[in-house]
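J.: this one's sequence-less:
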């Protein structure tokens, strides 16, 4: 007999929910609530749509789970920062939405063991980074990229923990360090 817990843990359900989230975030990036964000550029809009479509394909094939995680964390945080600053939504509601987005992103890691405590640590660390970045006077794109890098590092740590190997972990740190340095060097300081 199927229970709700079995249905929610099934691969098909995870893929459907993750795909719906990816489609929603791509659609949001296309219409942009602020009217003054980075998504005013047609090239940016089209590239986000293409990355979203590739992410949906990768969710279903499980070939490279890192890109959907990066995409959905980036687009989700961009969406939440726009709600926070353009629409002045309360921070507690933004945190609930961030939790829901992370709840849909976490199963994409395809961790074999039950790591509920690690999900809690991921959510707690990303909450902290999200709140710290909300006081940093940079544009939402840079904030969202930093959130995606944090999720990428945490995902690399989880994957190496699940595989009981630290060989690939150095690659995650090198890539994240380079990406963070590029973000810092190319950020316009001030909104």
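T.: Right, received. Where do you want to start? These figures come from a predicted structure and were not determined experimentally. Numbering: from 1, shown residues only.
J.: shaky segments in this protein?
T.: Scanning the chain for pLDDT under 70 picks out 1-10, 32-41, 108-115, 165-166, 188-191.
J.: Show me the helices in it, by range?
T.: Assigned by DSSP state H, the chain shows helices spanning 4-9, 11-31, 42-61, 66-86, 91-105, 116-134, 140-163, 169-186.
J.: Please identify the most buried of those.
T.: helix 66-86 (a mean of 22; mean count of other CB atoms under 10 Å). To be clear about C-beta, it is placed using only N, CA and C from the backbone, and glycine gets the same treatment.
J.: Can you name every helix or strand that that helix contacts?
T.: Helix 66-86 is packed against helix 11-31, helix 42-61, helix 91-105, helix 116-134, helix 140-163, with contacts defined by 3 or more CB pairs under 8 Å, 6 or more residues apart in numbering; DSSP states H and E.
J.: The first one to helix 91-105, inter-axis angle?
T.: Here the directions of helix 11-31 and helix 91-105 differ by 130 degrees (axes from the mean of the first three to the mean of the last three CA atoms, to 10 degrees).
J.: pretty sure residue 102 contacts residue 124?
T.: No - when contacts are counted by CB atoms under 8 Å, residue 102 is not listed as touching residue 124 (10.3 Å).
J.: what residues do the two have in common as contacts?
T.: Overlap of the contact sets of residue 102 and residue 124 (by CB atoms under 8 Å, 6 or more residues apart in numbering) is empty.
J.: if we can go back for a sec, output the helices and strands packed on helix 66-86 as a markdown table; include the columns distance to residue 177.
T.: Listed next are those as a markdown table, based on distance: least, CB to CB, whole Å:
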| stretch | distance to residue 177 |
| --- | --- |
| helix 11-31 | 26 |
| helix 42-61 | 22 |
| helix 91-105 | 22 |
| helix 116-134 | 16 |
| helix 140-163 | 9 |
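J.: Return the distance of residue 103 relative to residue 96.
T.: Per CB to CB, to the nearest Å, residue 103 is found 10 Å from residue 96.
J.: Kindly report the same for residue 22.
T.: Residue 22 is 20 Å from residue 96, by CB to CB.
J.: got it, and residue 80?
T.: 10 Å.
J.: Same question for residue 147.
T.: Taken as CB to CB, the span from residue 147 to residue 96 is 16 Å.
J.: How about the contacts made by residue 122?
T.: Taking CB under 8 Å, 6+ apart, one finds 102, 106, 151, 154, 158 in contact with residue 122.
J.: Let me know how buried the second one is, in neighbour terms.
T.: Look at residue 106: counted by other CB atoms under 10 Å, it has 22 neighbours.
J.: For the closest residue to it other than its chain neighbours, give me its contacts.
T.: Distances taken as CB to CB, 6 or more residues apart in numbering place residue 119 nearest to residue 106, at 5.2 Å, with adjacent residues excluded. Residues near residue 119 by CB under 8 Å, 6+ apart: 102, 103, 106.
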